[in-house]
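In: no sequence for this one, just the structure:
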């Protein structure tokens, strides 16, 4: 969450909602302790701190969750000058302060509970579960030398904790998606023949600033703006290429509102529907129908690999090359929010495509094809998983947006 713009009461509400999940998730995974170990978190934040701490700390600190035999305890072990701030949040069962060093009190707290497992924030596959720096890991190994054989990855806790969106989170993500669609609609009315990609991006940035929001990812490529057949789609900033009659325009755009993101792609065609080339019609229908097939496959309990395969197979069956990215990723405080991935079994994705999807996960469904003469066609929709299936967060795009220049 963006600490500068998200209201404090919203941050703490989400943290309280997440804390209610922690006990359940630890029990599901038979993990009896979890330590979030931090220092100077403004300079080097852990991705999970927004959900379990709700603020910054300065001195080396340990936020400890114990869960065993129906006893669930939440302890904040922090430097003296952070004690009052942690107590004021009202989220900890106990706040312990230290002056000269954290080692003695941390060993005492762990020894008193004597956990069977100690989950720490490291992961080979999941960047959002890999917040513990190597230096702090070495420091923790030294402090808890007698417990090293009990260290395990906290990814089984962090991934579902991030992925299972709370009521407050779902509301904020929906609002961000709705604002994104409003901005797209407003800017559609401003397109003029000969506008450059750079000019179009600048209009988007002006709209975002007027609303007091931020782009979902770095401004230089948010939105991505791709005009006509000569633009290579990808993580590329805008150029001097222009929009013109008979060409397409693609964007990949999202806003961050109260710390939560949207991520949506849209396609325009500059001309009338009866002027759309058959090649573009086939490409658009292929992308749209692949998203439909993926959407119809999504439900709680299925793996991301299964969803990706349905979409990927359809694109290939229509004569296009395989798209070289996942069909979808989770969205939340980050555009790429970690956890389960709707992707293939490729080395770079590790085990993420085999994680099973759950209720209240928010994903994108996105893919593209490349035409021979008209460039790329790409769409991206946002979905939320329900008890029995899935729904689109905002109305999906089912055809080109036709604009006469």
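Out: Received the coordinates, thanks. Nothing here was measured: the structure is a model prediction, and the numbers come from that model. Residues are numbered from 1 along each chain as shown.
In: pLDDT score for residue 4?
Out: Reported pLDDT at residue 4 in the predicted model: 48.
In: again with residue 1
Out: 45.
In: Likewise for residue 267?
Out: For residue 267, the predicted pLDDT is 98.
In: okay but it is in contact with residue 284, surely?
Out: Yes - contact criterion C-beta atoms under 8 Å: residue 267 and residue 284 qualify, at 6.8 Å. Just so you know, the C-beta spots here come from the backbone N, C-alpha and C atoms, and that holds for glycine as well.
In: Overlap in contacts, these two.
Out: Counting by C-beta atoms under 8 Å, 6 or more residues apart in numbering, the contacts common to residue 267 and residue 284 are 377, 400.
In: how much space between residue 150 and residue 397?
Out: When distance is defined by C-beta to C-beta, to the nearest Å, residue 150 is 50 Å away from residue 397.
In: neighbour count winner among these two?
Out: Shown here are residue 150 and residue 397; by other C-beta atoms under 10 Å, residue 397 has more neighbours (21 against 17).
In: what sits against residue 377?
Out: By C-beta under 8 Å, 6+ apart, residue 377 lies in contact with 248, 250, 267, 280, 283, 284, 286, 287, 368, 369, 371.
In: again with residue 9
Out: Neighbours of residue 9 in contact, by C-beta under 8 Å, 6+ apart: none.
In: That one in helix, strand or coil?
Out: Following DSSP: H, G, I helix; E, B strand; the rest coil, residue 9 is assigned to helix.
In: pLDDT value on it, please?
Out: With respect to pLDDT, residue 9 has a value of 91.
In: same question, the one 3 residues further on
Out: Residue 12 carries a pLDDT value of 94.
In: Can you say which helix or strand has it in it?
Out: helix 8-28 (DSSP states H and E).
In: Just the buried positions in that helix, please.
Out: Buried residues in helix 8-28, defined by neighbour count with 16 or more other C-beta atoms under 10 Å: 10-15, 17-19, 21-23, 25-26.
In: Output those in CSV; the columns should cover distance to residue 51.
Out: Below are those laid out as CSV (distance: C-beta to C-beta, whole Å):
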residue, distance to residue 51
10, 13
11, 10
12, 11
13, 12
14, 7
15, 6
17, 9
18, 4
19, 9
21, 9
22, 9
23, 14
25, 11
26, 14
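In: of all those residues, which comes closest to residue 87?
Out: The closest of the buried residues of helix 8-28 to residue 87 turns out to be residue 12 (C-beta to C-beta; 13.0 Å).
In: And the closest one, how far from residue 89?
Out: Distance, residue 12 to residue 89, by C-beta to C-beta: 6 Å.
In: what's the overlap in contacts for the two?
Out: Joint contacts of residue 12 and residue 89 (C-beta under 8 Å, 6+ apart) are residue 54.
In: which residues in the stretch 151-300 of the chain form strands?
Out: Along the stretch 151-300 of the chain, counting by DSSP state E, counting those that start in this stretch, strands occupy 151-153, 214-215, 224-227, 248-253, 255-257, 260-261, 264-270.
In: My error: substitute the stretch 301-405 of the chain in the last question.
Out: 362-370, 376-385, 390-392, 401-403.
In: Out of the ones you listed, which gets nearest to residue 168?
Out: Taking the strands of the stretch 301-405 of the chain one by one with C-beta to C-beta, strand 362-370 is closest: 13.0 Å.
In: Rounded mean pLDDT for that closest one, please.
Out: Averaged over strand 362-370, pLDDT sits at 97.
In: got it, and stretch 392-405?
Out: On average, stretch 392-405 scores 97.
In: Buried residues, it. List them.
Out: Applying a neighbour-count criterion of 16+ other C-beta under 10 Å, one finds 393, 394, 396, 397, 400, 403 buried in stretch 392-405.
In: which residues touch the fourth one?
Out: What that stands for is residue 397. Residues in contact with residue 397 (C-beta under 8 Å, 6+ apart) are 266, 267, 288, 379, 381.
In: So what pairs up with the last one in the strands?
Out: The residues listed as beta-bridge partners of residue 381 by DSSP bridges are residue 365.
In: give the contact list for it.
Out: 264, 291, 295, 364, 365, 366, 392, 393, 396, 397.
In: Export these as CSV, with columns for distance to residue 66.
Out: CSV is the format used below for these (distance: C-beta to C-beta, whole Å):
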residue, distance to residue 66
264, 41
291, 44
295, 41
364, 36
365, 39
366, 40
392, 40
393, 37
396, 45
397, 48
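In: which of these sit farthest apart?
Out: Spatially, the most separated pair among these is 264 and 295, at 14.7 Å (C-beta to C-beta).
In: burial measure for residue 152, as a count.
Out: Close neighbours of residue 152, defined as other C-beta under 10 Å, add up to 17.
In: I'd like the distance between it and residue 137.
Out: Distance of residue 152 to residue 137, computed by C-beta to C-beta: 13 Å.
In: Can you work out which residues contact both of these two?
Out: residue 120.
In: ok, back up a step: could you say which of the strands of the stretch 151-300 of the chain is packed most deeply?
Out: Ranked by mean neighbour count under mean count of other C-beta atoms under 10 Å, the strands of the stretch 151-300 of the chain are led by strand 260-261, which reaches a mean of 28.
In: which other residues reach that strand?
Out: 1, 169, 172-173, 175-176, 216-217, 254-255, 331-335, 337.
In: for it, what is the average pLDDT?
Out: 96.
In: Who does it pair with, and is each partner parallel or antiparallel?
Out: strand 255-257 (antiparallel).
In: Could you list the low-pLDDT ranges of this structure?
Out: For the chain, applying pLDDT under 70 flags the ranges 1-4, 235.
In: Tell me where it has helices.
Out: Here the chain has its helices, by DSSP state H, at 8-28, 49-52, 83-89, 103-113, 134-143, 155-163, 167-188, 197-210, 278-297, 304-317.
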